[in-house]
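> give me coordinates for this.
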Amino acid sequence: MITGIVVALPEELATLTSKKISKGHCVFIADKLLVAYSGAGPINAHLAAELLIAKGVGRLVSWGCAAALSASLKPGDLILADKLIDAGNSEMAVNADWHGDIKNRLAKFMVVHSGTLAESISIVSSSIDKKQLHSITGAVALDMESTAIAKVASQHVLPFISIRAIVDPVVMNLPLAINYSLNNGGDIVLGKLLLFLLLHPAELPGLIKLGLHFNAAKKSLKLAASLLGTIADY
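Here you go, the predicted model:
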């Protein structure tokens, strides 16, 4: 069986492989392991999941980073979601057997958190908004792609799991520079980011802190990838 992994950002992709993949395309990184670089957001994730299925995958993985909604989670914590909730408050389950197998393998070497993963159709920057989402949904973390991928898997009656690492804790407000520098495809435009910093130098400490958190998340994802080997074997 071929396993397909959807990854939204190039930095997340680098935790799985050193191969270069163009956005909207997929490449085999191991025997029976196909990775698609989708770009950020649910629409891109949906298209990437459909692409992987068209290429013959038999199950789907959402891989990357997430924002904490629970105060118990810190940057670098790994989340293996056992349930998802979409922007309309509808719940979806992951494949229980596959989830249990992956969790058991990872838990021998690192701490693995479970819980509900909520969907956002845009970046949630405010700590207040994150706390409110936690109160409404009970979700422990949030991302923009996993639920879209899970819905494609459900439509095609395929197993699905989500493996995510926390970047920003619930108490952190994301720097304003992040939203300002994003383009319509969900990518950060370096020129816009540098211009914003030039005009708002007080944003720099927040960006540095976010970068450190992102490095902690990538470290956890790299460790998870090394422990799993080729997910397709399971």
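> give the other helices and strands that the lengthiest helix in the chain contacts.
In the chain, ranked by residue count with DSSP state H as the criterion, the top helix is helix 204-228. Contacts defined by 3 or more Cβ pairs under 8 Å, 6 or more residues apart in numbering; DSSP states H and E place helix 204-228 against helix 10-13, strand 57-68, strand 78-80, helix 96-107, strand 160-166, helix 176-181. All C-beta atoms are positioned from the backbone trio N, CA, C, and that covers glycine.
> give me the neighbour count for the residue lying closest to Asn44 once chain neighbours are set aside.
Excluding the flanking residues, the one nearest Asn44 by Cβ to Cβ, 6 or more residues apart in numbering is Ser38, at 4.4 Å. Close neighbours of Ser38, defined as other Cβ atoms under 10 Å, add up to 32.
> I'd guessed Ser38 sits against Met144; true?
No: at 10.2 Å, Ser38 does not count as touching Met144 under the criterion of Cβ atoms under 8 Å.
> what is in contact with these two at once?
Common neighbours of Ser38 and Met144, using Cβ atoms under 8 Å, 6 or more residues apart in numbering, are 8, 45.
> now do the SS call for Leu84.
Judged by DSSP: H, G, I helix; E, B strand; the rest coil, the three-state class of Leu84 is strand.
> which elements pack onto the helix or strand bottoming out on mean pLDDT in the chain?
Within the chain, no helix or strand scores below helix 176-181, which has a mean of 73 by mean pLDDT, DSSP states H and E. Using 3+ Cβ pairs under 8 Å, 6+ apart, the elements in contact with helix 176-181 are helix 190-199, helix 204-228.
> show the contacting residues for Leu117.
Neighbour list for Leu117: 66, 79, 81, 83-85, 139-143, 146-147, 162, 164 [criterion: Cβ under 8 Å, 6+ apart].
> and the gap between it and Val6?
For Leu117, the distance to Val6 equals 14 Å [Cβ to Cβ, to the nearest Å].
> flag the shaky bits of the chain, pLDDT-wise.
Counting by pLDDT under 70, the chain contains low-confidence ranges at 180, 184-186, 189, 229-234.
> give me every residue that touches the residue nearest the centre of it.
Centroid check for the chain by Cα atoms, centre = their mean gives Gly64 as the closest residue, at 3.2 Å. Contacts of Gly64 were listed using Cβ under 8 Å, 6+ apart, and they are 7-9, 12, 143, 145, 164-165, 221.
> which one of those is nearest Leu193?
Using Cβ to Cβ, the shortest approach to Leu193 within the contacts of Gly64 belongs to Leu9, at 14.7 Å.
> so that closest one sits right up against Ala40, yeah?
Yes: the pair Leu9 / Ala40 is scored as a contact, 6.5 Å apart, by Cβ under 8 Å.
> give me the more crowded residue out of those two.
Between Leu9 and Ala40, Ala40 has the larger neighbour count (other Cβ under 10 Å), namely 23 against 20.
> for that one, identify the helix or strand it belongs to.
Under the criterion DSSP states H and E, no helix or strand holds Ala40.
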